[in-house]
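> Build me a model from this:
(one chain, ligands or ions: 1)
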Amino acid sequence: MSNDFVMTIDDDDESVPFLDEEELEQEETAVTKKKGKKGKKASGVAPKDTGDLDPNFSFDAEGGGHMGAHHDWDFTAARAALRAQDEMQPGLSLDDIIARKRAQVKAKKSGKIVEPIEEKEVNEDDESEFQEALSSDEEGDDNGMEGITFDEDDEDVAEDGFGAGRDEDAGLEDAEAEEAELEDASEEESGSEGSEESESEEEEEEEESESEDDEEEETEFQKERKKAYFAPESDTPTEVAETFATMNLSRPILKGLAQVGFVQPTQIQARTIPVALMGKDICGGAVTGSGKTAAFVVPVLERLLYRSRQTATSRVLILCPTRELAIQCHSVAQKLASFTDITFGLCVGGLSRNAQEIQLRTRPDILIATPGRLIDHILNSRSFTLDHIDILIMDEADRMLEDGFSAELTEIVKACPQSRQTMLFSATMTDNVDELIRMSLNRPVRLQIDSTNATAARLVQEFVRIRQHREEDRPAVLLALCSRTFKRRVIIFFRSKAAAHQMKIIFGLMGLRSAELHGNLTQEQRLASLEEFRDEKVEFLLATDLASRGLDIKGIDTVINFNMPQNYAIYQHRVGRTARAGRMGRAVTLAGENDRKLLKMAIKNADKRTVKNRVIPQDVITRYRERVEGLTEGVKEVMAEEKEDKALRQAEMEMRKSANLLKHEDEIYSRPAKTWFQTSDEKKQAADASKSALNDPKKRKVVEPDAPKRDRFAGMSRQKRRRLQLSEEDHQDINSHAKSIKSAKNALKPNKIPKLAPEKTATKPQDKKKKKKKDVDFSRDLADASKQGVAAAKKLGSGSKFGGGKDKKDDKKERSPNVGFTTL
Ligand SMILES: Nc1ncnc2c1ncn2[C@@H]1O[C@H](COP(=O)(O)OP(=O)(O)OP(=O)(O)O)[C@@H](O)[C@H]1O
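Coordinates of the predicted model:
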């Protein structure tokens, strides 16, 4: 298995050099000379990437964009919208509790008499929870161990990359089941906080539901379907602009780009911008950190410069799967639009709903949203609609197309006009027609820059082998890595919130400065953690997969995977938090026996020179293990204190709520009841479906083209049904007067934003007229019921119907998911 060979790094070093291209070669031969290179190593800091750019770096082989000036996105808008009311009063910070505990331990050691530690009731369950959380997904299935090829006692190199060729499925299910239990437990714990949002704002489900890892051979049938579904390659411009200046962008946009230091477009930007300006639907894929955000923001801004300004209208909707990503996207887009009059609205969970409602009434040009909160506004904010959305964009689209988001997405897509332009982006963008079909794309152009399995070019991937019988060493291995080798700018991923939280306490007790980021925190705490890490107030960010996608934090040197994630796509996103925009980065993954399959995939998809096997001497691990064991009591005490504090705050909040209720009883009861899109049960069902698809990707729900339409009121809450029925009754009373008001309103309807050809020539009114006529004729030809016409259209699939121009009436037919696929 020479292909799977990975070189070994001995971890008996205090620091690790960051490997330059040449060094990679040298190190490969010098693997066994363990300490020979110490002189070259950075002191105390893991990757020796100074943040400077590799002068030879380009985003693509042919030479794409070079990295520009540093610019951090910020939370200004999010902070301004953080809810002020109904939030629990801040209690003791975890850091305070930990600091106190540390002081007590120190004092005890030095023999000083200290105030006795208040006796905390330590629940027996807490102890087992503690052990479980840290080894949550580490329990392998012994049966799954058959066929391991390496020597059990071999502490050095596993020449087969830990026997990475081994097919390993067994044990994963157990791990996932256990993980689910943990997630559920932690969800319950957090249920009291922010329960108001629990039904509609769970975008950041941390249980995984990513796409299949297996690279299945594409069948002829699938190839045909894709051919029919996507626009032919000949539809995309072949010339690629080398600088933004040569892209025919307007001055305010160029100034915005210059301000953030973007001079040369990255490859995905160079390919996407001209196509997006033409108004075409796009499925875009490029490796993590390659600039996809600007690839969709720039053309949108450019087109909005040509909008009619008569009536304020929200014309663009950008959907993101997590709040943090939406906040980041909002900040980036605002920066790029600094020299324009384009307005933005941020519509995400965790921030004040009322403030958002007020903002939405001003009809900002671009809405950046998470699905849950957006639907909340569609259902509950008067006068808010998506009726005038011209462009719908989905960032991390493959994540959004998963079952967990399915119902929400369908609702949002239905609420947008069919004549919209739709653009989907992700580093792991799916081209699975079954998954894309629910977006009702219009003959999308596929812009796939890198392989969907690719990781960043300057990423070094290391793996630390965790043996079957040493699973309990994981915390010690992590602490050894973080105390001795990777000491700053490190993001560490855990599979569960409980594990991330408990490790935060251990880190704290060991004096390592860290922040946690997961769904059990309030939005305020989540933003604070990100800020602390961004501003280098803490060295470590302990996160769940909430942070695995899209987050762009400057200067993350190292990503550590405490556990291998459930699938390769998540692995790609996690390790993609480093080595962004041409910089160097390092990913270190603790890989157990059950992770062989993913390990094999990672090795297969990487440049072999950048894959390494890191070995940590057993005596070091034993030392750290003893330290972790010594902290067990302390961790339990901190957790007990935290629990007590939380219960106290909860009680205070309840009391305030009751007092409030008594004081404003009349006003509160006169408010219209809120409508939820999904009940807790429905939400749980969606999450279960998502999980089941993860365990068995073949179970992925495929939208049946001929699926019967649901009853109009099916699945609606009683309140919503009643509201709709009442509004329908009202509707029946509409007299001719109302009709005339409607037609007057129609006359005022905002014009669509014009599509721009790359050379900005397509807006000539005469040309437009001619083109439209041609398209209409084309559509009419296809709608012709002659048998020949139908047969031809079916043969070509839906693709044959889409001529490029969009007449609104024709669009209705074009966007129907039923079109074209029934016969293939
Ligand atoms: N043309 C450019 N020139 C220089 N830097 C750029 C350019 N475009 C984007 N960048 C920088 O590259 C980094 C990554 O960009 P972005 O976050 O859009 O990547 P992405 O492809 O969306 O990544 P992910 O898949 O992880 O979401 C950002 O820091 C951004 O400022």
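> Show me what from the stretch 301-450 of the chain comes close to the ligand.
In this structure, the stretch 301-450 of the chain approaches the ligand at residues residue 427, judged by CB under 6 Å from any ligand atom. From N, CA and C alone the C-beta is placed, and that goes for glycine too.
> Quick check, the residue in the stretch 301-450 of the chain closest to the ligand?
Relative to the ligand, the nearest point of the stretch 301-450 of the chain is residue 427 (3.9 Å; CB to the nearest ligand atom).
> Just say helix, strand or coil for the residue of the stretch 551-700 of the chain found nearest the ligand.
Of all residues in the stretch 551-700 of the chain, residue 581 sits closest to the ligand, with a separation of 3.3 Å (CB to the nearest ligand atom). Judged by DSSP: H, G, I helix; E, B strand; the rest coil, the three-state class of residue 581 is coil.
> so how many other residues sit close to it?
Neighbouring residues of residue 581 were enumerated by other CB atoms under 10 Å; the total is 20.
> How about the one 5 residues further on?
The tally of other residues near residue 586 (other CB under 10 Å) stands at 27.
> swap in the one 5 residues further on?
Residue 591 has 23 neighbours, counted by other CB under 10 Å.
> Grab the nearest non-local neighbour of residue 400.
Nearest residue to residue 400 in three dimensions, chain neighbours excluded: residue 394, at 5.1 Å (CB to CB, 6 or more residues apart in numbering).
> which intervals of this structure have sub-threshold pLDDT?
Under the criterion of pLDDT under 70, the regions of the chain flagged as low confidence span 1-73, 82-92, 109, 111-217, 676-680, 683, 686-722, 725-749, 757-824.
> What separation do you get for the residue of the stretch 551-700 of the chain closest to the ligand and residue 470?
Applying CB to CB, to the nearest Å, the value for residue 581 to residue 470 is 37 Å.
> Around the ligand, pick out the residues from this structure.
If contact is defined as CB under 6 Å from any ligand atom, the residues of the chain in contact with the ligand are 65, 67-68, 262, 264-266, 269, 286, 288-294, 427, 550, 552, 576, 580-581.
> can you tell me which of those residues are in helices?
By the criterion of DSSP state H, membership of the residues of the chain next to the ligand in helices covers 269, 292, 293, 294.
> correct me, but the residue nearest to residue 400 touches residue 423?
Yes - here residue 394 reaches residue 423: they are 7.4 Å apart, a contact under CB atoms under 8 Å.
> Tell me who's in contact with the residue nearest to residue 400.
318, 319, 400, 401, 422, 423, 424, 425, 439 (CB atoms under 8 Å, 6 or more residues apart in numbering).
> before we move on, back to that, and the two most separated of the ones in helices among the residues of the chain next to the ligand?
When those are compared pair by pair using CB to CB, the two farthest from each other are 269 and 293, 9.5 Å apart.
> Tell me, how many residues neighbour residue 106?
Neighbours of residue 106 using other CB under 10 Å come to 11.
> and it, how far is that from the ligand?
Remark: distance between residue 106 and the ligand (CB to the nearest ligand atom, to the nearest Å) = 41 Å.
> hmm, back to that, the more surrounded of residue 269 and residue 293?
The neighbour count for residue 269 versus residue 293, taken as other CB under 10 Å, is higher for residue 269 (32 against 24).
> Touching, the more buried one and residue 295? I think so.
Yes - under the criterion of CB under 8 Å, residue 269 makes contact with residue 295 at 4.4 Å.
> For residue 507, give its distance to residue 482.
Between residue 507 and residue 482 the distance is 8 Å, computed by CB to CB.
> Please identify every residue contacting each of the two.
Between them, residue 507 and residue 482 share the contacting residues residue 540, judged by CB under 8 Å, 6+ apart.
> And what about residue 491, helix, strand or coil?
At residue 491 the chain is in strand, as set by three-state DSSP.
> if I look at it, how far off is the ligand?
Separation of residue 491 from the ligand (CB to the nearest ligand atom): 12 Å.
> how about that residue, what does it touch?
Going by CB under 8 Å, 6+ apart, residue 491 touches 533, 540, 541, 543, 547, 553, 556, 558, 559, 560, 577, 578.
> let's go with 10 Å and repeat that
With contacts taken as CB atoms under 10 Å, 6 or more residues apart in numbering, residue 491 has the following neighbours: 517, 533, 540-543, 547-548, 551, 553, 556-561, 574-575, 577-578, 587.
> hang on, the earlier thing: in helices only, show me the contacts of residue 394.
residue 400.
> Would you mind confirming that residue 511 is in contact with residue 102?
Yes - applying CB atoms under 10 Å, one finds residue 511 in contact with residue 102, separated by 7.1 Å.
> Looking at the two now, which is surrounded by more residues?
Taking neighbours as other CB under 10 Å, residue 511 and residue 102 compare with residue 102 leading, 16 against 10.
> what about the more buried one, which helix or strand?
Following DSSP states H and E, the helix or strand that holds residue 102 is helix 94-109.
> Over to residue 446?
strand 445-448.
> For the next helix-or-strand element following that strand, which strands pair with it and how are they oriented?
Moving toward the C-terminus from strand 445-448, the next helix or strand (DSSP H and E) is strand 459-465. Strands flanking strand 459-465 in the sheet, each with its direction: strand 585-591 (parallel), strand 611-615 (parallel) (DSSP bridges).
> Could you single out the most deeply buried of the ones you listed?
Highest mean neighbour count of those: strand 585-591, a mean of 26 (counted as mean count of other CB atoms under 10 Å).
> Would you mind writing the CA trace of that one as CSV?
This file holds the C-alpha atoms of strand 585-591, laid out as CSV (Å, rounded to 0.1, in the frame of the first residue of the first chain):
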residue,chain,number,x,y,z
GLY,A,585,-2.3,25.5,7.9
ARG,A,586,-2.2,22.2,9.7
ALA,A,587,-4.9,19.8,10.7
VAL,A,588,-4.2,17.2,13.4
THR,A,589,-6.7,14.4,13.7
LEU,A,590,-6.9,11.9,16.5
ALA,A,591,-7.8,8.8,14.5
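> If you count contacts, what does the next helix or strand after it end up packed against?
Heading C-terminal from strand 585-591, the first helix or strand you meet, by DSSP H and E, is helix 596-604. Using 3 or more CB pairs under 10 Å, 6 or more residues apart in numbering; DSSP states H and E as the contact criterion, the elements in contact with helix 596-604 are strand 459-465, helix 568-575, strand 585-591, strand 611-615.
> Dump these to CSV, plus distance to residue 281.
Formatted as CSV, the entries for those read as follows, by distance: least, CB to CB, whole Å:
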stretch, distance to residue 281
strand 459-465, 31
helix 568-575, 23
strand 585-591, 33
strand 611-615, 37
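> Among these, which comes closest to residue 384?
Residue 384 sits nearest to helix 568-575 of all the helices and strands packed on helix 596-604, at 31.7 Å, using CB to CB.
> which strands and helices sit next to that closest one?
Under the contact criterion of 3+ CB pairs under 10 Å, 6+ apart, helix 568-575 touches helix 397-400, strand 459-465, strand 490-493, strand 558-561, strand 585-591, helix 596-604.
> list the helices and strands the helix ranked longest in the chain packs on?
In the chain, with assignment by DSSP H, the single longest helix is helix 618-663. Contact partners of helix 618-663 among helices and strands, from 3+ CB pairs under 10 Å, 6+ apart: helix 94-109, helix 124-134, helix 172-190, helix 474-480, helix 497-509, helix 665-670.
> Just want the angle from that helix to helix 497-509.
If you take axes from the mean of the first three to the mean of the last three CA atoms, to 10 degrees, helix 618-663 sits at 110 degrees to helix 497-509.
> Residue 431: which of the helices and strands packed on helix 568-575 is closest?
When the helices and strands packed on helix 568-575 are ranked by proximity to residue 431, the top entry is helix 397-400, at 9.8 Å, counting by CB to CB.
> Double-check residue 597 against residue 568; I have them as touching.
Yes - in this structure, residue 597 is within contact of residue 568 by CB under 10 Å, at 8.7 Å.
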